[in-house]
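K.L.:
can you look at this prediction? I've put the sequence above it.
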Amino acid sequence: MRKQLLPFVAVGMVIAALMVAFTLFVQRGAHIELEGSIQKVRTLSVEAASTIVVLDFRFVNGSNYPFVVRDVAVSLEDRQGDLIEGAVVSEVDAQRLFQYYPVLGQKYNPSLLARTRIQPRQSMDRMLAVRFEISEKAFQQRKRLTIRVEEVDGAVSEIREVRLPAPTP
């Protein structure tokens, strides 16, 4: 009797696997998330224990739905593994930074602001100016930077810096 039941069980398992695969295929664009990378990091030491960091980054909304930014935060993981939150600079102040400190170079992209709407499948280049209350030397010894972007409906995306390990002598 068990040998007669085996083909039916196998066919049932194949049908269930096909249904799961079809469901996943249909829902592939329903997950709202930004994916991207940090392209360039520029620094300016403004005080002994304070550093302005300018991040140029690129991201894409890979979902089938628009992503509307509610909040943007930047954190830094230092050499010991502690997280340090940075204060994001407004767009007006970022423009002034580039005007008053030409050592930062050119302002290539607008800042990523709250209420920015990223259309489905759209790619964007943006920048953020952030102030960290650490020295520039401590900043250069960081493990990684993370840009955290929260969507109005609660979805959270993180864009993490990829750092190559320092060469050992």
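P.N.:
Noted; the coordinates are in hand. Numbers count the residues shown, from 1 in each chain.
K.L.:
in whichever strand in the chain runs longest, what's buried?
P.N.:
The longest strand of the chain (DSSP state E) is strand 34-47. The neighbour-count check on strand 34-47 (16 or more other CB atoms under 10 Å) flags 34, 36, 38, 41, 44 as buried. C-beta: built from backbone N, CA, C; applies to glycine.
K.L.:
how much space separates the second one from residue 106?
P.N.:
With the distance defined as CB to CB, to the nearest Å, residue 36 ends up 21 Å from residue 106.
K.L.:
ditto for the fourth one
P.N.:
With the distance defined as CB to CB, residue 41 ends up 15 Å from residue 106.
K.L.:
got it, and the last one?
P.N.:
Summarising the geometry, the distance separating residue 44 from residue 106, computed by CB to CB, is 14 Å.
K.L.:
which helix or strand contains residue 129?
P.N.:
Using DSSP states H and E, residue 129 maps to strand 123-132.
K.L.:
please enumerate the helices of this structure.
P.N.:
2-26, 91-100, 136-140 (DSSP state H).
K.L.:
closest to residue 51 out of the ones you listed?
P.N.:
helix 136-140 (4.8 Å; CB to CB).
K.L.:
could you list the buried residues of the closest one?
P.N.:
136, 138-139.
K.L.:
name the nearest of those relative to residue 121.
P.N.:
residue 139 (34.6 Å).
K.L.:
do I have it right that the closest one meets residue 50?
P.N.:
No. Under the criterion of CB atoms under 8 Å, residue 139 makes no contact with residue 50, lying 10.0 Å away.
K.L.:
how is the protein divided into domains?
P.N.:
1-30, 34-160 (automatic domain parsing).
K.L.:
can you give me the neighbour number for residue 53?
P.N.:
Residues lying near residue 53 (other CB atoms under 10 Å) number 22.
K.L.:
please name the bridge partners of the nearest residue in space to it that is not next to it in sequence.
P.N.:
The shortest distance from residue 53 to any non-neighbouring residue, by CB to CB, 6 or more residues apart in numbering, is to residue 130 (4.9 Å). Per DSSP bridges, the residues bridged to residue 130 are residue 53, residue 88.
K.L.:
residue 130 - how many residues pack around it?
P.N.:
Counted with other CB under 10 Å, residue 130 comes out at 22.
K.L.:
tabulate the helices of the chain (TSV), appending distance to residue 159 and mean pLDDT.
P.N.:
Shown next, in TSV, are these (distance: least, CB to CB, whole Å; pLDDT from 0 to 100):
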stretch	distance to residue 159	mean pLDDT
helix 2-26	25	80
helix 91-100	18	93
helix 136-140	18	91
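K.L.:
relative to residue 54, which of those helices is closest?
P.N.:
helix 91-100 (7.7 Å).
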